[in-house]
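*Asks:* What follows is a predicted structure for the sequence shown.
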Amino acid sequence: MPDLTFEFALHARGLHRIAGVDEAGRGPLAGPVAAAAAILPRGFSCPGLDDSKKISATKREELYERLTGDPAVIWSVATADHEEIDKLNILRATHLAMRRAAEALDPAPDHCLIDGLPVRDFPFPYDAIIKGDGLSLSIAAASIIAKVTRDRMMREIDREFPQFGFAKHQGYGTKAHLEALRNHGPCRYHRRSFQPVAQLALPFDGA
């Protein structure tokens, strides 16, 4: 389970506001990529808080409400949409969303802990931690906020384009999603630079 070991080490160096940063939605064929940043108060405790991929959707929603409803938790969330993903590529768009989330924190962080590999042109000092969402409680908090935010956005998109089943698979390339793509062609939220979307020689529904 993640804990505050990384955060405590930074506190010992005189750094106070430590933000965890994580993303959700790099792999799907449709929708935005979301990123969140979260600064937890010292001594923060939240039973069950873990990497968002390891827990159920219901539990994620509960944790999201716990985190965002706590006035002592400083948090922000940002996205890069499907058009930015196609223009920049998914890695650069993910980094853009992460920068946006970190810059939206108020007050600003002294230092960040980022899940994964280094982020180019990041605006604050940071450490990149591989599989950090399973190690740092702050990153785990960010992973929950990013994932729930994106899932809610995909449910909204599902209401506009119910034929694709976005509420069920969140835009990932499931068998049902690929079948819907073959039957209907991509909608305006699909990432046109992604395979197999780019391979479909069909008109874009609702473009």
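*Replies:* Structure received.

*Asks:* What ranges does the protein have for its strands?
*Replies:* 18-24, 33-39, 74-80, 111-115, 126-129 (DSSP state E).

*Asks:* Can you list the low-confidence ranges for the chain?
*Replies:* 200-207 (pLDDT under 70).

*Asks:* Now for the closest residue to L135 other than its chain neighbours: which residues touch it?
*Replies:* Nearest non-adjacent residue to L135, counting by CB to CB, 6 or more residues apart in numbering: P2, 5.4 Å away. Glycine gets a C-beta too; all of them are placed from N, C-alpha and C. Residues near P2 by CB atoms under 8 Å, 6 or more residues apart in numbering: L49, D50, D51, D133, G134, L135, S136, L137, I139, A140.

*Asks:* can you point me to the longest helix in the chain?
*Replies:* Longest helix in the chain, counting residues (DSSP state H): helix 137-160.

*Asks:* Would you check that Y172 makes contact with R26?
*Replies:* No. In this structure Y172 lies outside contact range of R26 using CB atoms under 8 Å: 10.6 Å.

*Asks:* how many neighbours does D115 have?
*Replies:* Using other CB atoms under 10 Å, D115 has 27 neighbouring residues.

*Asks:* Next: T58.
*Replies:* T58 has 8 nearby residues by other CB under 10 Å.

*Asks:* From C112, how far out is it?
*Replies:* 29 Å (CB to CB, to the nearest Å).

*Asks:* can you count the residues close to P118?
*Replies:* If you count neighbours by other CB under 10 Å, P118 ends up with 10.

*Asks:* so who does it touch?
*Replies:* Contact analysis of P118 by CB under 8 Å, 6+ apart lists A128.

*Asks:* Kindly report the same for A102.
*Replies:* By CB under 8 Å, 6+ apart, A102 lies in contact with A19, V21, A37, S76, P109, C112, F122, P123, F124.

*Asks:* Give the ChimeraX command for selecting the buried subset of the residues you listed.
*Replies:* The following ChimeraX line selects those of the contacts of A102 that are buried, judged by 16 or more other CB atoms under 10 Å:
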select :19,21,37,76,109,112,122,124
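
*Asks:* these two touch, right, I145 and L67?
*Replies:* Yes. Because the distance of 6.2 Å satisfies CB under 8 Å, I145 is recorded as touching L67.
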